[in-house]
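Student: Predicted model follows, preceded by the sequence.
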Amino acid sequence: MAAKSFAYIKAGAKPKPSSQSSGKLQVAASKSWLYQPSLDLIIGCGAWSAPLLLLAYLLGKESDKTASLLFYALALVFNYPHYAATIHRAYRHRQDFTKYKFFTWHLTILLLLAAIVTHALPSLVPFVFTVYITWSPWHYTGQNFGLAMMFARRNGAQPQKIERNALFASFVASYLILFLSFHGGASNDPYVLSLGLPESFVRFLKIPLILIFSASGLWSLHRLRKQTKWRAMLAPLTLFTTQFLWFVAPAILEMLNQSRLPQARYSTGILAIMHSAQYIWITSYFARQETQISEQKQWQPLAYAATLLVVGIALFIPAPWLVSYLFQYDFGTSFLIFTALVNIHHFLLDGTVWKLRDSQIAALLLSSKETISKANASQNWWLNGLALKIKNGKQLRRLTLAGVAVSLLMLAGIDQVRYFWGLQEKNAANLLRAAGLNPYDSSLKLKIARSEAKTGNEESTIASLRQAVALNPLNVEAQNSLARLLLERQRYDEAYAHYQQMCEHLPNDADALINFGILAEQSGNPEQAITSWRRAIAVDKQQKNAYLYVAEGYSKQQRPIDAIPYYEQYLGLLTALSEGEKLNPKDVLYLTYKLAQAYSATNAPERALPYYEKTILFAEQAGEKAIESLAFISLANLYAAANQRTVAAECYQRALKLDKEIGDTKTEGMNWYNYGQFLFASSTEKQLAMACLLKAEELLQSTQEVERDTVMKAIEDRKLSSQKEFATSKQNLQILSAKALSLKL
């Protein structure tokens with residue numbers, strides 16, 4: 001029930017008589033409990049919360065299948081009937097249907113239209129489902145608060161505005177704690193959208209909210225206790241404890257364990273079961289009182305329970321089955337849509353029909369001495385109206401209702417069996433039986449694909465996965481399973497096409513965006529690749545590899561100015577992730593070298609210089625002599641351009657010594673050539689310069705590549721103008737080349 005459900009009557013104020021009263025009866029004097037203390041405390045006030053929450057935790061830890069099957073079965077007998085209880089309250093009498101016409105008629109039509117639109121546009125499903133998941137804890141909070149106020153009044157307390165508001169603030173604070181848990185950071189459920197509140201901000205806010213819940217709630221209860229006895233406050237105190245166990249305790253455990261509550265599972269699991277049982281407990285009491293006092297009839301609890309069960313089934317089960325069969329629509333998605341919209345309708349309708357300021361509700365729930373009105377229309381007025389138009393209408397109505405009820409119960413049984421078979425992933429036969437009952441279920445197709453994969457039937461596995469994806473593109477597991485299989489089988493063209501549609505339907509899947517970028521680059525679409533990687537970064541700024549991929553992509557396109565910020569952000573993330581540990585030089589030396597090269601290409605030598613020096617340091621620590629040599633040559637070119645000849649010569653010499661140690665004659669030959677050209681341009685040591693070119697020729701003589709031709713051409717050009725230096729250098733090549741390695745300019 002919504003927050004206003006049981007708490008709008010002011011202390012000392014009397015409910016106004018119903019304007020539609022046709023007769024009046026007196027309600028018996030106030031009494032403390034609705035049924036009996038044990039039942040009211042355990043179910044109505046949630047005293048069973050601690051053991052049930054512990055049991056749910058243990059079941060979930062031991063077996064997800066056991067917990068899932070249990071909750072699915074319990075939903076049939078608790079969750080569905082609890083929605084039917086509000087329908088029973090609002091639609092049973094003509095006067096109530098008319099009184100709440102906006103909700104019983106106009107809102108119903110609006111939500112039916114919303115169901116059609118959401119089925120047609122699956123991208124809306126997460127928005128609708130998020131509203132339901134976020135609203136449901138507030139709905140539970142409102143019911144607990146309303147019941148606390150009801151029990152306080154039944155036990156003689158007269159809450160003033162200050163006590164009521166203090167207790168209300170306490171309950172609101174507890175809801176906000178859970179709200180922050182749901183919407184802090186990225187969502188862990190594709191059907192639940194998170195506000196993405198910073199986790200540090202969420203942790204900061206939770207502490208004052210916990211203090212507000214404790215201080216404000218206990219203060220209010222203490223003030224109410226002064227108006228009565230502690231024993232009389234047992235029910236409100238139990239409800240306050242229940243609110244703590246449902247909302248505050250999980251948040252405290254979450255903060256201690258640095259974990260996060262699963263939004264959908266927590267709201268729709270054991271919490272929903274306990275809330276539904278609590279709801280049926282209070283509505284059954286109201287229905288009994290209304291029947292015995294207002295309608296002056298004997299209350300039939302079994303008939304009431306059967307009505308709620310059948311109506312509850314009608315609200316949730318037939319529609320998804322019809323939609324899936326008629327339109328070959330994913331059963332799971334359709335079930336989520338109807339679940340969310342039925343709940344939203346319930347939240348809105350519930351907050352309207354259960355108000356203590358309504359005289360009849362106040363009289364029945366508070367056991368006050370106010371008068372209540374007789375019902376001015378018989379129950380099931382809409383069926384009676386239909387029956388009047390048909391001969392033997394009463395008998396026909398009974399037969400029709402019996403037939404509908406039996407059909408709905410049979411469908412519910414089939415649904416339970418299908419769900420049971422669908423959980424048995426190791427039993428291929430049962431999975432196929434479940435698919436035989438309803439073949440339009442993405443989750444079931446995924447399980448069948450897993451079963452087929454174990455038999456080694458690759459094509460059947462891929463076909464089942466494609467069916468799962470086609471039925472529900474938002475099925476993350478099916479999408480990823482198909483993607484992995486295509487990559488493992490090296491079917492890259494198919495994987496590329498698959499990732500393209502996957503990223504359209506799951507735009508916040510950072511891993512998929514990264515893989516799509518890699519495949520796009522391999523397919524010759526570099527711009528598409530860079531766009532995909534940048535989207536991955538926007539989704540998750542901790543995806544460090546995406547920064548490197550973007551930087552490399554820009555480097556290949558000769559766009560160093562665009563590559564630099566991504567290289568630097570990758571380096572920053574790499575350093576941050578290694579904080580407290582010794583950074584492996586091999587992890588960063590390539591990166592620092594690329595940054596140095598990029599800054600050199602953008603005419604920023606002062607920014608390139610420290611990165612070259614870091615590269616040399618890391619390469620020396622890692623024993624990577626080839627990269628160290630490259631860095632020295634690049635550094636030499638940098639100093640030569642700055643006319644710092646002495647340092648440039650030293651860098652060339654150190655690179656050549658490293659090349660000799662490595663034994664890479666091709667690289668060594670080209671570095672001798674570069675050193676020779678430098679000496680020709682910056683010194684009078686022409687013989688040493690020529691010796692460098694000849695040394696390069698000697699090292700490259702066994703290669704037929706373009707490098708050797710470059711060196712030969714340079715020698716011929718120099719030979720024409722320096723015959724004497726050429727001859728001398730030729731004769732004393734080893735001596736002069738060794739001298740060049742120690743030359744000081």
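Tutor: Thanks, I have the structure now. Numbering: from 1, shown residues only.

Student: When you work out contacts or count neighbours from here on, use the C-alpha atoms and nothing else.
Tutor: Fine.

Student: Near Leu195, how many other residues are there?
Tutor: 13 (other C-alpha atoms under 10 Å).

Student: for it, helix, strand, or coil?
Tutor: coil (DSSP: H, G, I helix; E, B strand; the rest coil).

Student: Phe179 is in contact with that one, correct?
Tutor: No - under the criterion of C-alpha atoms under 8 Å, Leu195 makes no contact with Phe179, lying 10.1 Å away.

Student: In the stretch 601-745 of the chain, where is pLDDT below threshold?
Tutor: 704, 720-722, 725 (pLDDT under 70).

Student: Following element in sequence after the helix or strand harbouring Lys657, please.
Tutor: Per DSSP states H and E, Lys657 falls inside helix 645-662. Sequence order places helix 665-682 as the next helix or strand after helix 645-662, per DSSP H and E.

Student: buried residues in stretch 404-422?
Tutor: Ala405, Leu408, Leu409, Leu411, Ala412, Asp415, Gln416, Arg418, Tyr419, Phe420, Trp421, Gly422 (16 or more other C-alpha atoms under 10 Å).

Student: Hmm, I typed the wrong one, I wanted stretch 729-737.
Tutor: Taking 16+ other C-alpha under 10 Å as the criterion, stretch 729-737 shows Ser729, Lys730, Leu733, Leu736, Ser737 as buried.

Student: Pull the contacting residues for the third one.
Tutor: So that's Leu733. Ala691, Leu694, Lys695 (C-alpha atoms under 8 Å, 6 or more residues apart in numbering).

Student: Also the last one?
Tutor: By C-alpha under 8 Å, 6+ apart, the contact list for Ser737 reads Leu688, Ala691, Cys692, Lys695.

Student: Test my guess that the third one contacts Met670.
Tutor: The one in question is Cys692. No - look at Cys692 against Met670 with C-alpha under 8 Å: they stay out of range, at 10.0 Å.

Student: Show me which of the two is the more surrounded one.
Tutor: Cys692 (33 against 23).

Student: Kindly list the main-chain dihedrals of that one?
Tutor: phi -60, psi -40 (degrees, to the nearest 10).

Student: any idea how far Leu733 is from it?
Tutor: Between Cys692 and Leu733 the computed distance is 8 Å (C-alpha to C-alpha, to the nearest Å).

Student: again, but for Val539
Tutor: Here the criterion is C-alpha to C-alpha. By it, Val539 lies 61 Å from Leu733.

Student: Ok, Arg288 next?
Tutor: 113 Å.

Student: Please give me every residue in contact with the nearest residue to Tyr440 once chain neighbours are set aside.
Tutor: In space, and not counting its chain neighbours, Tyr440 is closest to Asp330: 5.2 Å by C-alpha to C-alpha, 6 or more residues apart in numbering. For Asp330, the contact set (C-alpha under 8 Å, 6+ apart) comprises Ser324, Tyr440, Asp441, Ser442, Leu471, Asn472.

Student: How about Glu452: what's its closest non-neighbour residue?
Tutor: Thr461 (5.5 Å).

Student: Downstream of the host helix or strand of the one you found, the next helix or strand is which one?
Tutor: Assigned by DSSP H and E, Thr461 belongs to helix 458-471. Using DSSP H and E, the helix or strand that directly follows helix 458-471 along the chain is helix 476-488.

Student: Report the buried residues of that following helix.
Tutor: Val476, Ala478, Gln479, Asn480, Ser481, Leu482, Ala483, Leu485, Leu486, Leu487.

Student: Next: stretch 124-142.
Tutor: 125-126, 128-142.

Student: returning to what we had before: which of the contacts of Asp330 ranks first by neighbour count?
Tutor: Ser442 (27 neighbours).

Student: So it versus Leu121, what's the distance?
Tutor: Ser442 is 17 Å from Leu121, by C-alpha to C-alpha.

Student: same deal with His222?
Tutor: For His222, the distance to Leu121 - C-alpha to C-alpha - is 52 Å.

Student: cool, and Leu583?
Tutor: Per C-alpha to C-alpha, Leu583 is found 49 Å from Leu121.

Student: more crowded one of these two?
Tutor: Neighbour totals were compared for Leu583 and Leu121, and Leu583 leads with 14 against 10 (other C-alpha under 10 Å).

Student: Any regions of the stretch 401-550 of the chain where pLDDT drops low?
Tutor: For the stretch 401-550 of the chain, no stretch has pLDDT under 70.

Student: Which ones among the buried residues of stretch 729-737 lie within helices?
Tutor: Ser729, Lys730, Leu733, Leu736, Ser737 (DSSP state H).

Student: quick one, helices of the stretch 351-500 of the chain?
Tutor: 359-366, 381-387, 393-422, 428-437, 442-454, 458-471, 476-488, 492-505 (DSSP state H, counting those that start in this stretch).

Student: so which of those comes closest to Phe103?
Tutor: For Phe103, the closest of those is helix 381-387, at 16.8 Å, according to C-alpha to C-alpha.

Student: what's near enough to touch the residue lying closest to Leu432 once chain neighbours are set aside?
Tutor: Distances taken as C-alpha to C-alpha, 6+ apart place Ile448 nearest to Leu432, at 7.5 Å, with adjacent residues excluded. Neighbouring residues of Ile448 by C-alpha under 8 Å, 6+ apart: Glu425, Ala428, Leu431, Leu432, Thr461, Ser464.
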